[in-house]
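>>> Model the following, please.
(chains A and B)
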Amino acid sequence: MTDIILQLEGVKKSYNDRQVLKHIDLSIRPGELTGIIGNNGQGKTTLMRIILGLLKADSGKILIEGHNADIPRSIEQKRIFGYLPESVFFYPEMTGRNVLRFFTGLKKGDCGIIDNLLKTTGIEYAADQKVKTYSKGMKQRLGLAQALAGNPKLLILDEPTNGLDPAGISDFYKILADLRAQGIAILLSSHLLSEIESHLDRLAIMKDGIFVKQGSLETLVSEAVLKTSIRFRIVKNENAVMDRLVSYQIQKNGNNIFTASCVRSDKDELLQRLTGLHDSVNLMAIQDPGLDEIFHYFNNEH
Amino acid sequence: MNEIILIASKEFIERLKNGWILAIAVSFMLFSVIISFAGLGFTGSIGQPDQEITLLSLTSLVIYLVPLLGLILGYDSISGEHEQGTLDLLHSCPISSGQILFGKWTGLSAVLMFALTIGMIIPAVIAVYQGQDVIPWLWFLVLSMWFGIVFVTLSLMMSTTLWSRGRLLGLVIGLWLIFIILFDVILIGLLVATEGNISNILIDTLFFLNPASVFRFLVIQGLFGDATLVQMGFGNHIPTITALITALILWTILPLWFARLKFSTGK
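Below you'll find the model as predicted:
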């Protein structure tokens, strides 16, 4: 229990008559990267703001390091968090370095780490430029540096890679990997599924204010009845090949190129059959279901 | 404490970099110099008038300009951060809403004090150099600063409603019009309409409801004493300095308290 940094039980929130969060349960442990995925307007940002104490939940329980969350959050409880909002803005006339100096001071952090933060997030070269000259990607990097000031135990990142170029996104996840290795837990939201797929420990799929599914990627893959596709080329004896694969769903993609689909549990058997036909068939590619398919499966199921 | 100083310093530097504060301070300085050295122009003589007359003339200038400066300084200090998205970042830091508010109030008040010092320093230094007493000048400067801080506090309180900047700007201009222009007109209208048959308690209450009236009386009483006010027709209804100072304290503390109640997270 005590190794859980944050625990939510039955958290609900409504705006006027609209129930934005219907029932949220969530646990976060040190060094874990939890991704909340969902379409826009499903309640991801509201949930993050409730965790931070910027909004009050209507009901439910929030435990921070095993203790009931104070309302408003106590200074000690706020110290746990580092926050990067979806669209981060800073004081335009300040330089990047002064922004970090300001927030590090507010978080009672060590100002000696500012150079290190600038270097880690890759904006050292622009440290003494005014923030108003920064691109969106640079502001996101500065936002991450700001979130790290004060040595948080849990980083809350709302759509953190918005505005980053592919190289920036790659750098960003490298930084997150280093932070996880240091035991920092990360909760991030995204709707860019392909980019976060290989970085997640746990996944929570949010729809209409509830987590329709949550767990590790492996668990979700095994629970979802998703098909694996194998592409192959038939070089001879097409009829004989088709007879052997009659129990599978086959789709013709082009000249002698086919795709056979089966549920994941039947994948090995299908592969064995295809390799047994090596005189007539050349294997081209095996495509397992990814986060995209998992998301759509659970999102559409509910 | 360090967090309050950090926020106050940020506010102070940010506002000073915004050139219009300095522009208002310099304009104020020009006006105060003109008033100080040409204040007797209407009598046909140019030169430095009596200290009391100079300060009385400056009182009108302060009553018109300083509330406007205070209101414009504070009206977007919280709502502006809300609009540009930095307020959530501040609230997510390990500081209380009270520290954010008090830091901003301190920084904005410091800007106002700085602008007023710039605005009055030249006529004050010359006047004192030419033999005038320094104490009335200091009394006047401190009172003017306090008067301005009341309006900084009022605008900060309004800013915690998190309304849009445009709406708040309209509101602070309206507030300035009510306190500085319309209040006296309404009061005189009331006296004329009732032919003076109006409860003294009501008049006294109305009087304390306008910080500009409180400031004006504090300056006059501080400089001239009760006798002048009796001559001016206020008869036996002269509030004591203690009552006036209490009123100004309440005008500072109450809006700050309301702002503190209004400005919190977790709603």
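>>> Tell me how many other residues crowd whichever residue of the stretch 101-250 of chain A sits closest to chain B.
Going by C-beta to the nearest C-beta, chain B is nearest to A:Leu106 of the stretch 101-250 of chain A, at 4.2 Å. C-beta: built from backbone N, CA, C; applies to glycine. Burial of A:Leu106 is recorded as 25 neighbouring residues (other C-beta atoms under 10 Å in any protein chain shown).
>>> and the closest residue in space to it that isn't next to it in sequence, how far is that from A:Glu76?
Nearest residue to A:Leu106, sequence neighbours excluded (C-beta to C-beta, 6 or more residues apart in numbering or on different chains): B:Cys93, at 4.2 Å. Separation of B:Cys93 from A:Glu76 (C-beta to C-beta, to the nearest Å): 13 Å.
>>> can you check A:Leu192 too?
As judged by C-beta to C-beta, A:Leu192 and A:Glu76 stand 34 Å apart.
>>> Which one's more surrounded, B:Cys93 and A:Glu76?
Higher neighbour count among B:Cys93 and A:Glu76: B:Cys93, with 27 against 12, using other C-beta under 10 Å.
>>> which residue sits closest to the residue of the stretch 101-250 of chain B found nearest chain A, ignoring its sequence neighbours?
Residue of the stretch 101-250 of chain B nearest chain A, by C-beta to the nearest C-beta: B:Gly103 (9.5 Å). Spatially, and ignoring its direct neighbours in sequence, B:Gly103 is nearest to B:Ile7 (2.8 Å; C-beta to C-beta, 6+ apart).
>>> And for A:Arg233?
Closest residue to A:Arg233 apart from its sequence neighbours, by C-beta to C-beta, 6+ apart: A:Asn282 at 4.6 Å.
>>> The one you found - that's part of a strand, no?
Yes. Assigned with DSSP: H, G, I helix; E, B strand; the rest coil, A:Asn282 falls within a strand.
>>> who are the neighbours in contact with it?
Going by C-beta atoms under 8 Å, 6 or more residues apart in numbering or on different chains, A:Asn282 touches A:Phe232, A:Arg233, A:Val235.
>>> Show me which of those are buried.
Buried members of the contacts of A:Asn282, scored by 16 or more other C-beta atoms under 10 Å in any protein chain shown, are A:Phe232.
>>> Let me have the contacts of A:Asn282 in JSON lines, adding secondary structure and pLDDT as columns.
Converted to JSON lines, those look like this (DSSP: H, G, I helix; E, B strand; the rest coil; pLDDT from 0 to 100):
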{"residue": "A:Phe232", "secondary structure": "strand", "pLDDT": "86"}
{"residue": "A:Arg233", "secondary structure": "strand", "pLDDT": "88"}
{"residue": "A:Val235", "secondary structure": "coil", "pLDDT": "85"}
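>>> before we move on, back to that, run a quick check on the residue of the stretch 101-250 of chain A closest to chain B versus B:Ile4, I expect a contact.
No. Counting by C-beta atoms under 8 Å, B:Ile4 is not a contact partner of A:Leu106; they are 10.3 Å apart.
>>> Next up, the contacts around the residue sitting furthest away from the middle of chain A.
The centre of chain A is farthest from one residue, A:Asn237, which by C-alpha atoms, centre = their mean lies 46.1 Å away. A:Asn237 is in contact with A:Asp279, A:Ser280, counting by C-beta under 8 Å, 6+ apart.
>>> Now do it against A:Ser280, distance only.
4 Å.
>>> need the longest helix for chain B.
helix B:97-129 (DSSP state H).
>>> Oh, that last question was meant for chain A, not what I typed.
Identified as the longest helix of chain A according to DSSP H is helix A:166-181.
>>> Please identify the buried residues of it?
Buried residues in helix A:166-181, counted by 16+ other C-beta under 10 Å: A:Gly168, A:Ile169, A:Asp171, A:Phe172, A:Tyr173, A:Ile175, A:Leu176, A:Leu179, A:Arg180.
>>> do you know how far the second one is from A:Leu192?
With distances taken as C-beta to C-beta, A:Ile169 is found 8 Å from A:Leu192.
>>> pLDDT weak spots in chain A?
Applying pLDDT under 70 to chain A flags residues A:1-2, A:301-302.
>>> how's it carved up into domains?
Following automatic domain parsing, one gets these domains for chain A: A:6-222, A:226-301.
>>> Please enumerate the helices of chain B.
Secondary structure of chain B by DSSP H: the helices cover B:2-17, B:19-38, B:51-74, B:79-84, B:87-92, B:97-129, B:134-159, B:165-176, B:183-193, B:200-208, B:211-224, B:226-229, B:241-262.
>>> Minimum distance to A:Arg101: which of those helices has it?
A:Arg101 lies closest, by C-beta to C-beta, to one member of the helices of chain B: helix B:2-17, at 8.9 Å.
>>> List every C-alpha atom in stretch B:174-184, with coordinates, as CSV.
C-alpha atoms of stretch B:174-184 as CSV (Å, rounded to 0.1, in the frame of the first residue of the first chain):
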residue,chain,number,x,y,z
GLY,B,174,-16.6,52.3,-13.8
LEU,B,175,-15.3,52.1,-10.3
TRP,B,176,-13.0,55.1,-10.8
LEU,B,177,-15.9,57.1,-12.3
ILE,B,178,-18.1,56.3,-9.3
PHE,B,179,-15.5,57.0,-6.6
ILE,B,180,-13.7,60.0,-8.1
ILE,B,181,-16.4,61.7,-10.3
LEU,B,182,-19.9,60.6,-9.4
PHE,B,183,-19.7,60.1,-5.7
ASP,B,184,-19.4,63.8,-4.8
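>>> contacting residues around it?
By C-beta under 8 Å, 6+ apart, stretch B:174-184 touches B:Ile63, B:Tyr64, B:Pro67, B:Leu68, B:Leu71, B:Leu154, B:Met158, B:Asn210, B:Pro211, B:Ala212, B:Ser213.
>>> these two touch, right, the first one and B:Ser213?
So the one you mean is B:Ile63. No. Using C-beta under 8 Å, B:Ile63 makes no contact with B:Ser213, being 9.4 Å away.
>>> Do a quick rundown of the strands in the stretch 1-150 of chain A.
A:6-15, A:18-28, A:33-37, A:59-64, A:67-68, A:81-84 (DSSP state E, counting those that start in this stretch).
>>> Any chance of these in a markdown table with distance to chain B and mean neighbour count as columns?
Shown next, in a markdown table, are these (distance: least, C-beta to the nearest C-beta, whole Å; neighbours: other C-beta atoms under 10 Å in any protein chain shown):
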| stretch | distance to chain B | mean neighbour count |
| --- | --- | --- |
| strand A:6-15 | 11 | 18 |
| strand A:18-28 | 14 | 18 |
| strand A:33-37 | 18 | 24 |
| strand A:59-64 | 11 | 17 |
| strand A:67-68 | 13 | 10 |
| strand A:81-84 | 4 | 25 |
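>>> Save those strands as CSV, and put in distance to A:Tyr134 too.
CSV is the format used below for the strands of the stretch 1-150 of chain A (distance: least, C-beta to C-beta, whole Å):
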stretch, distance to A:Tyr134
strand A:6-15, 31
strand A:18-28, 30
strand A:33-37, 26
strand A:59-64, 32
strand A:67-68, 38
strand A:81-84, 15
